[in-house]
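Student: fold the following, please.
(one chain, ligands or ions: 2)
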Amino acid sequence: ALDDGQELSTQGKSFNLTDIIMTNHVKIFDTTLRDGEQAPGFSMTSGQKLKMAKALEGLGVDIMEAGFAAASPGDFEAIKTIATEVKDSIVCSLARCNEGDIRASGEAIKPAAKSGRGGRIHTFIATSPLHREFKLKMSMDEIVRRATAGIELARQYTDDVEFSCEDAIRTERDYLKRVVEAAIKAGATTINIPDTVGYTTPEEIQSLFEFLASDIEGADSVTFSAHCHDDLGLAVANSLAAVRGGARQVECALNGIGERAGNCALEEVAMALRTRKDFFGLSTQLKTEGLYGASKLLATITGNPVPRNKAIVGKNAFAHESGIHQHGVLANRETYEIMKPEDVGVSTDNLVLGKHSGRAALKNRAETLGFELGDNQLQSLFVKFKHLADEKKEVFDADIEALILGEAVGE
Ligand code: KIV
Ligand code: ZN
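Tutor: Ligands and ions are numbered 1, 2, ... in the order given. The predicted structure is shown next:
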């Protein structure tokens, strides 16, 4: 057996145990406060950002992108405050590859970087032909020069520098290889491959990450990261495929908020990795029991409710109304639940009573409310309950009590 830190040598490469263990760890890079906040209708005040940052820290995210320091004085101050207050996650600021942005980010994360807790600068430049020609109006060589200079400057502020090739998915592979190799030589420690416009597919992105891991010089010394947008509803599937291809950081946002259709939803990717550990063989360090609360906090702060049928954190995610499902769940939860509600922080009393519900659920709820019913009593209650359920969308505990006590509205 090896002790942590002890060397293991195989096929001319040496690893230590920490590296081997860490390859099974997927870092969660949360961008709720940057890419998420950037979406119309989701902006937050500095105070709200700090509140959310504390919730994200409580969840155990490895890195939180707290904002874009050069975007506004308010964002600069918010990042600085978060970098001062947050102790357990690495705090990051986004910067374009220019001197002003990088210096602003370096200053904003200074409280975290100085304390030894770790502060990250995330710098990016677009690499795809469309962006080169129509947005940047820069040659391929010029972009490589900018990336290199930006990373070198960022390294003067922190050892933790992430570099992104914006629109990487639509970039020629040989050029992407050239930029990424230059970025690694310049000192980037994380290489992020964004699907900026949500264009890729699971098979395509998996093969791209496999290519990066095998064909890039210096690949062993960096963490590859996926940043998927949801324009085709594939962000989570694509992020999971990237992980299969070798990515060990996933960029995501709570409730899947972000530019246009949003980013990869943090709660979905985290629970997919946890629930299907048998398939992926990987873990995150998230305390998933905090997911529901953090999602609700974000919805309240931004004034954007979570859709009822949203995976993991929607009101219906663990609710069962139909009689067949309720019967199954009461006998054994696993009949219709692949995750335990309490693992994401949802209360276990989640059988919604309505017109599709059956006797088993009604009897169970009556017992929870303290009523032991004989067969005849249950039958008579069930008839009254079905009439009421036809009139109301949901039958609440107070309605059941009233029916049992013979005082129900609509009786
Ligand atoms: O989607 C994107 O390309 C981004 C980069 C800034 C990382 O958000
Ligand atoms: Zn993005």
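
Student: please make it C-alpha for all contacts and neighbour counts, starting now.
Tutor: OK.

Student: ok, residue 336 touching residue 328?
Tutor: Yes - Residue 336 lies in contact with residue 328 (CA atoms under 8 Å); the separation is 7.1 Å.

Student: the more surrounded of these two?
Tutor: Between residue 336 and residue 328, residue 328 has the larger neighbour count (other CA atoms under 10 Å), namely 17 against 13.

Student: and the helix or strand that one falls within, average pLDDT?
Tutor: Residue 328 belongs to helix 323-331 when assigned by DSSP states H and E. Averaged across helix 323-331, pLDDT comes to 90.

Student: immediately after that helix, which helix or strand?
Tutor: helix 359-368.

Student: pull the CA atoms of that next one into CSV?
Tutor: Backbone C-alpha positions of helix 359-368 (Å, rounded to 0.1, in the frame of the first residue of the first chain) are rendered in CSV as follows:
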residue,chain,number,x,y,z
ARG,A,359,-56.5,5.0,-1.0
ALA,A,360,-53.0,4.0,0.2
ALA,A,361,-51.8,7.6,0.1
LEU,A,362,-54.9,9.0,1.7
LYS,A,363,-54.7,6.4,4.5
ASN,A,364,-51.0,7.2,5.0
ARG,A,365,-51.7,10.9,5.2
ALA,A,366,-54.6,10.4,7.6
GLU,A,367,-52.3,8.4,9.8
THR,A,368,-49.6,11.0,9.7
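
Student: now the next helix or strand after it against helix 359-368, angle please.
Tutor: Per DSSP H and E, the first helix or strand lying C-terminal to helix 359-368 is helix 375-391. Interaxial angle of helix 375-391 relative to helix 359-368 (axes from the mean of the first three to the mean of the last three CA atoms, to 10 degrees): 100 degrees.

Student: list the buried residues of helix 375-391.
Tutor: 378, 381, 382, 384, 385, 386, 388, 389 (16 or more other CA atoms under 10 Å).

Student: what is that helix packed up against?
Tutor: Counting by 3 or more CA pairs under 8 Å, 6 or more residues apart in numbering; DSSP states H and E, the packing neighbours recorded for helix 375-391 are helix 359-368, helix 397-404.

Student: ok now that helix, how far from the chain's centre?
Tutor: Between the centre of helix 375-391 and the centre of its chain there are 43 Å (CA atoms, centre = their mean, to the nearest Å).

Student: about what we covered before: how about the helices and strands packed on helix 375-391 in JSON lines, adding distance to residue 256 and mean neighbour count?
Tutor: As requested, the helices and strands packed on helix 375-391 are exported to JSON lines (distance: least, CA to CA, whole Å; neighbours: other CA atoms under 10 Å):
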{"stretch": "helix 359-368", "distance to residue 256": "33", "mean neighbour count": "18"}
{"stretch": "helix 397-404", "distance to residue 256": "33", "mean neighbour count": "17"}
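
Student: please name the nearest non-neighbouring residue to whichever residue of the stretch 51-200 of the chain sits closest to ligand 1.
Tutor: Ligand 1 sits closest to residue 196 of the stretch 51-200 of the chain, with a gap of 3.7 Å, by CA to the nearest ligand atom. In this structure, residue 196 finds its nearest non-sequential neighbour in residue 167, 4.9 Å apart by CA to CA, 6 or more residues apart in numbering.

Student: how many neighbours does the one you found have?
Tutor: 21.

Student: now the one 5 residues further on
Tutor: Applying other CA under 10 Å, we find 12 residues neighbouring residue 172.

Student: try residue 374
Tutor: Residue 374, neighbours per other CA under 10 Å, totals 9.

Student: likewise residue 279?
Tutor: Residue 279: 11 neighbours (other CA under 10 Å).

Student: can you pull up the most central residue in this protein?
Tutor: With distances taken as CA atoms, centre = their mean, residue 266 lies nearest the centre of the chain, 1.5 Å away.

Student: off-centre distance for the helix holding residue 328?
Tutor: Relative to its chain's centre, helix 323-331 lies at 31 Å (CA atoms, centre = their mean).

Student: how far does stretch 292-312 stretch from start to finish?
Tutor: One end of stretch 292-312 sits 8 Å from the other (CA to CA, to the nearest Å).

Student: need the residues that contact that stretch.
Tutor: The contact list for stretch 292-312 (CA atoms under 8 Å, 6 or more residues apart in numbering) reads 41-44, 48, 52, 55-56, 59, 254-255, 267-268, 271, 313-318, 344-346.

Student: which of those are buried? Put it as a ChimeraX command.
Tutor: Selecting just the buried residues from these in ChimeraX takes one command, with 16+ other CA under 10 Å as the test:
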select :42,43,44,48,52,55,56,59,254,255,267,268,271,313,314,315,316,317,318,344,345,346
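
Student: okay, and which of the contacts of stretch 292-312 map to strands?
Tutor: Counting by DSSP state E, no part of the contacts of stretch 292-312 is found in strands.

Student: low pLDDT regions in the chain?
Tutor: 1-22, 348-350, 407-411 (pLDDT under 70).

Student: quick one: contacts for the residue of the stretch 251-400 of the chain found nearest ligand 1?
Tutor: Nearest residue of the stretch 251-400 of the chain to ligand 1: residue 259, at 7.7 Å (CA to the nearest ligand atom). By CA under 8 Å, 6+ apart, the contact list for residue 259 reads 35, 36, 38, 39, 40, 229.

Student: export those residues as CSV, with columns for secondary structure.
Tutor: Conversion of the contacts of residue 259 to CSV gives the following (DSSP: H, G, I helix; E, B strand; the rest coil):
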residue, secondary structure
35, helix
36, helix
38, coil
39, coil
40, coil
229, strand
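
Student: which ones, among these, also lie beside ligand 1?
Tutor: For ligand 1, the contacts drawn from the contacts of residue 259 by CA under 6 Å from any ligand atom are residue 35.
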